[in-house]
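J.: Kindly return the folded structure for what I paste below:
(2 chains)
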Number of protein chains: 2
Amino acid sequence: MNGGPIRIAVDCMGGDRAPGEIVAGALAAARAHGLSLLLVGVPEAVTPLLPHEQPGAGADPPSPTVEFVPSDRAVPEGAPPLATLRAMPNASMSVTMRLIRQGRADAAVSAGSTGPTLLAAIREIGMLEGIRRACVGRQILEIHPETFLIDLGPTIDCEAHHLVEFAVMGTTYMRVFGGVAEPTVALLSNGREPGKGNKVVKQAADLLGRSGLRFVGLVEGHHLMAGEANVVVCDGFVGNAVLKTVEGLGREAAAWLRRELEGIVPAARADEIARRLIAWTNPIDLRGSLPLLGVRGHVVMAHGASDRTAIHAAIGQAVEAVRGGFVERLRAALGDMREHLGRAKMHS
Amino acid sequence: MNGGPIRIAVDCMGGDRAPGEIVAGALAAARAHGLSLLLVGVPEAVTPLLPHEQPGAGADPPSPTVEFVPSDRAVPEGAPPLATLRAMPNASMSVTMRLIRQGRADAAVSAGSTGPTLLAAIREIGMLEGIRRACVGRQILEIHPETFLIDLGPTIDCEAHHLVEFAVMGTTYMRVFGGVAEPTVALLSNGREPGKGNKVVKQAADLLGRSGLRFVGLVEGHHLMAGEANVVVCDGFVGNAVLKTVEGLGREAAAWLRRELEGIVPAARADEIARRLIAWTNPIDLRGSLPLLGVRGHVVMAHGASDRTAIHAAIGQAVEAVRGGFVERLRAALGDMREHLGRAKMHS
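T.: As a prediction, the model looks like this:
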């Protein structure tokens, strides 16, 4: 941050509804939050969508400014991320992330497909010191916003120290975004008793007990669903399986419920209840954005299907991250964890 | 089988409601199916519950007979399974399983805690040729009985060949118990595209493609929930996390639904709908029994909370297993898979 308005770089080419909905959402968010916008995209696609006049810079408070930054198109869904990013050095997500490295933006937002967006962030911004893998987490059920599940996909085949890093990231997330001062941390496992878990979970439980985090032990899937810990940690493979199961079961239950309620409550009311059930079991469709955790900058990934409202919200989350000093707090928390583990090692 | 009535050994000491409900359920099942029962338990606890007169053996068809087999008590919940089984050579589950090895029973049923029961079966009966780990699977959603998830807990830290063995066991299960002639098989993964998955899943996908099974590729959690394959295969750690998540979400959704329906439908009706939602997302509370897969005999594990109805049903499943020749068919299917993989290897 430079003392002026918060500067957000937005990838206008990523996402199913790019660039129209992305630009519209970005402009709305900039007005709402008083931001300085850097809109990244293919000139002929994006410039026709920009406001014709720059808002006055002499106003008090200063009106948001909009700067256009040219790029190539986004890496398309399904393309091999690394090879394509290498072949397209100015892919829209890469240029967007680069603005952080160049000190021109405080945060970046993209609705591009997850693999390339994540990889572009890692390549352009770099990882936080000592973090080897970026990850994403989520408050998995809207009815339990006090519970955050991490990791949800990027990092599979984890080792124990990755899980400990996830725990730190989740703890910092819940402090900054979840309003929880001292989040409890648990490991997702196949049983609650000490000694349960696969090899990696057992090792991680040992490390977490000495990490300085508020580790409360192992939990099972139903404890996760009941919101029994603030941060529930697992391998991205497991997290993805659980997340997709929750989303899928929510939709199955909603369809079942529509049939059950037929003839008992009016159809419109039944539809409304079923929709709400889908909404709280599919929170990505609701908030639509996830901060990327572990990179050396504020990056928010919006859902690929984002419309202007979702992009507006994603940019709002980026603003929250910048205002809350998320990356700085995460760096400090990682240092704190390492100090605890180092100390525990010395004393053992 | 010996040409006479099917002979079922029942552990009368295992389970929260042993021995009263176990004996009552066993006697009811024996009458319903015309079985020969071997009731295993502590004499002073079980013999008072036995029928005073032996049913006549000269009747036509022969009436079921009840034989009492003395044992010690069950290994209690929470005790270390292996050490306790070694210290209690005549624990009720061990004596029950031993009756299969001795050729005195065609199948065994126990509601004892999972760890000791499973281990007793492995120790007393032994594994099928070439199978290193026993496992359990389940038709995970009552609304999708066409879909079986395996493994659900016993085998964590799996290798690829374990997953292939699970696929064979699941396929045989669905043929014998699910009424599906040629079950499709999928691997649970973090994405559907080829190349997704952790290391073990990737290796297993390669093996399954050459296994002679009807392998249809990778699925995610929501495909599992939608019943998109007949047999969905995963590591027991992942399967347990998914299962418990489904059970927990079902209960959360039911509680939410009760609140949503308040004032819209009569309370009794709302309760009834919520109960049904719990039932189909918590199928263990419904069927209450699981065949143990991979051992050299027919073993059905009943839920620890089983009442007489659940025990009756569990014994019914044991009868189905014996009549369907489950173990023999599983042995043949494993041989077939190995032949395919061996042939594929020779040709590669």
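
J.: For the residue lying closest to A:L334 once chain neighbours are set aside, what is the enclosing helix or strand?
T.: Nearest residue to A:L334 in three dimensions, chain neighbours excluded: A:V168, at 5.3 Å (C-beta to C-beta, 6 or more residues apart in numbering or on different chains). C-betas here are computed from N, CA, C, even on glycine. Assigned by DSSP states H and E, A:V168 falls within helix A:160-176.

J.: Make sure A:A205 is actually in contact with A:K196.
T.: No - using C-beta atoms under 8 Å, A:A205 is not in contact with A:K196, being 9.0 Å away.

J.: joint contacts of these two?
T.: A:L218 (C-beta atoms under 8 Å, 6 or more residues apart in numbering or on different chains).

J.: Chain A - how does it break down into domains?
T.: Chain A breaks down into these domains under automatic domain parsing: A:7-131+A:292-324, A:137-283.

J.: Pull out the buried residues from stretch A:175-182.
T.: For stretch A:175-182, the neighbour count (16 or more other C-beta atoms under 10 Å in any protein chain shown) marks A:R175, A:V176, A:F177, A:G178, A:V180 as buried.

J.: What's opposite the closest residue to the fourth one other than its chain neighbours in the beta bridge?
T.: What it means is A:G178. Leaving aside its sequence neighbours, A:G178 sits nearest to A:F148 (C-beta to C-beta, 6+ apart; 6.4 Å). Assessed by DSSP bridges, A:F148 has beta-bridge partners A:Q139, A:V231.

J.: quick one, what contacts A:F148?
T.: Contacts of A:F148 by C-beta under 8 Å, 6+ apart are A:G137, A:R138, A:Q139, A:I140, A:G170, A:Y173, A:M174, A:G178, A:P183, A:N230, A:V231, A:V232.

J.: what pairs with the residue nearest to A:V69 when sequence neighbours are not counted across the strands?
T.: Spatial nearest neighbour of A:V69, excluding adjacent residues (C-beta to C-beta, 6+ apart): A:V40 at 4.7 Å. Beta-bridge partners recorded for A:V40 (DSSP bridges): A:D11, A:V69.

J.: circling back: could you work out which of the domains of chain A reaches nearest to B:I131?
T.: domain A:137-283 (20.0 Å; C-beta to C-beta).

J.: Residues of the stretch 51-200 of chain A that sit close to chain B?
T.: A:78, A:141, A:143-144, A:153, A:156-157, A:188-191, A:193, A:197-199 (C-beta under 8 Å from any C-beta of the partner chain).

J.: Could you provide the domains of chain A in TSV, with additional columns for mean pLDDT?
T.: Putting the domains of chain A into TSV (pLDDT from 0 to 100) gives the following:
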stretch	mean pLDDT
domain A:7-131+A:292-324	92
domain A:137-283	94
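
J.: quick one: which of those domains is nearest B:I22?
T.: domain A:137-283 (24.6 Å).

J.: How about the contacts made by the residue nearest in space to the middle of chain A?
T.: Nearest to the geometric centre of chain A sits A:L290, at 1.9 Å (C-alpha atoms, centre = their mean). Each residue near A:L290 by C-beta under 8 Å, 6+ apart is listed here: A:V136, A:G137, A:R138, A:L152, A:I284, A:V300, A:M301.

J.: for chain A, which helix is longest?
T.: Among all segments of chain A classified by DSSP state H, the helix with the greatest residue count is helix A:236-261.

J.: And what about the residue of chain A most remote from its centre, helix, strand or coil?
T.: Centroid-distance maximum for chain A: A:G263 at 41.1 Å, with C-alpha atoms, centre = their mean. Counting by DSSP: H, G, I helix; E, B strand; the rest coil, the backbone at A:G263 sits in coil.

J.: how close does it get to A:P291?
T.: Note on A:G263: its distance to A:P291, by C-beta to C-beta, to the nearest Å, is 45 Å.

J.: Run a quick neighbour tally on the closest residue to A:N240 other than its chain neighbours.
T.: Closest residue in space to A:N240, ignoring its immediate chain neighbours: B:N190 at 3.9 Å, by C-beta to C-beta, 6+ apart. Burial measure for B:N190: 24 neighbouring residues, criterion other C-beta atoms under 10 Å in any protein chain shown.
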